[in-house]
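Novice: sequence? don't have it. structure:
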C-alpha cells in the first residue's frame, strides 16, 4: 500500500460557496484564537500550552461560540493540530515564529477521518459531500491512481477564486 495525494477542482453553487467561505473564516478564527491562547499563556504565565490541552478546550469553546457547533469536531481538531505543528517547527528551528493569519492567507481546512465527508467517485469526476456543512459539491479531475480515500483537505486559492478537494488515497502498488 502506498499513499498518494489526488486533487480535484470543486464547482460550488453560490449558496455552497457562501457556506464554504463561512467555514473557512471560522477555521481561520480558531487558528488565530489558538495562537493567541499560546502566546498569552507564554507571556503572562510563562508556561507552554500543548495540543492536548487546546483540543480538550474545544467542547467548551463550541458552547461559548455556538457557530462552531455546526462544524465537524475532527476538522476543528485538525486546525488546532496545524497550530501545534507550526510551533513544533519553530522550536526545532525550521521556521519562524507562527503568525496570525488574515482570511486572505488562510488556505483551508482538513478532515482527518472519513466521518465528516463522503466521496462519490471512481477517480474521474464525481461529487464530495461535506456532512457538517450539509452540501454536496461537484468535482472534476482525474486521478492517476485511485484507491481508498483516507483524508480530505478543502483548499481555496483566492488568486484564482477556485476551490479544490485534495484527497489522501491508499493505493495498491503492484510488485515490479
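Specialist: Arrived safely. A quick note: this is a predicted structure, and the numbers were derived from the prediction, not measured.
Novice: By neighbour count, which bits of stretch 147-156 are buried? Give me those.
Specialist: 147, 149, 151-156 (16 or more other C-beta atoms under 10 Å). Bear in mind the C-beta positions are built from the backbone N, C-alpha and C, glycine included.
Novice: Just the buried positions in the helix ranked longest in the chain, please.
Specialist: For the chain, the helix that runs over the most residues, judged by DSSP state H, is helix 14-44. Neighbour counts over helix 14-44 (16+ other C-beta under 10 Å) mark 16-17, 19-20, 23-24, 26-35, 37-38 as buried.
Novice: before we move on, back to that, which of the buried residues of stretch 147-156 lies closest to residue 2?
Specialist: residue 147 (8.6 Å; C-beta to C-beta).
Novice: Touching, that closest one and residue 167? I think so.
Specialist: No - at 9.8 Å, residue 147 does not count as touching residue 167 under the criterion of C-beta atoms under 8 Å.
Novice: Mind jotting down where the strands sit in the chain?
Specialist: 2-11, 108-111, 117-120, 124-130, 135-142, 148-157, 162-171 (DSSP state E).
Novice: And residue 138, what's its pLDDT?
Specialist: On pLDDT, residue 138 comes in at 96.
Novice: What number of residues are in the vicinity of it?
Specialist: 15 (other C-beta atoms under 10 Å).
Novice: list the contacts for it?
Specialist: Taking C-beta atoms under 8 Å, 6 or more residues apart in numbering, we find residue 138 in contact with 10-12, 125, 127.
Novice: now swap in residue 170 and tell me
Specialist: Residue 170 makes contacts with 1-3, 147-150, as judged by C-beta under 8 Å, 6+ apart.
Novice: can you rerun that using 6 Å?
Specialist: 1, 147-148, 150 (C-beta atoms under 6 Å, 6 or more residues apart in numbering).
Novice: What is the nearest of these to residue 74?
Specialist: Set against residue 74, the nearest of the contacts of residue 170 by C-beta to C-beta is residue 150 (12.5 Å).
Novice: Give me the nearest residue to the closest one, chain neighbours excluded.
Specialist: Closest residue to residue 150 apart from its sequence neighbours, by C-beta to C-beta, 6 or more residues apart in numbering: residue 168 at 5.0 Å.
Novice: Noted, bye for now.
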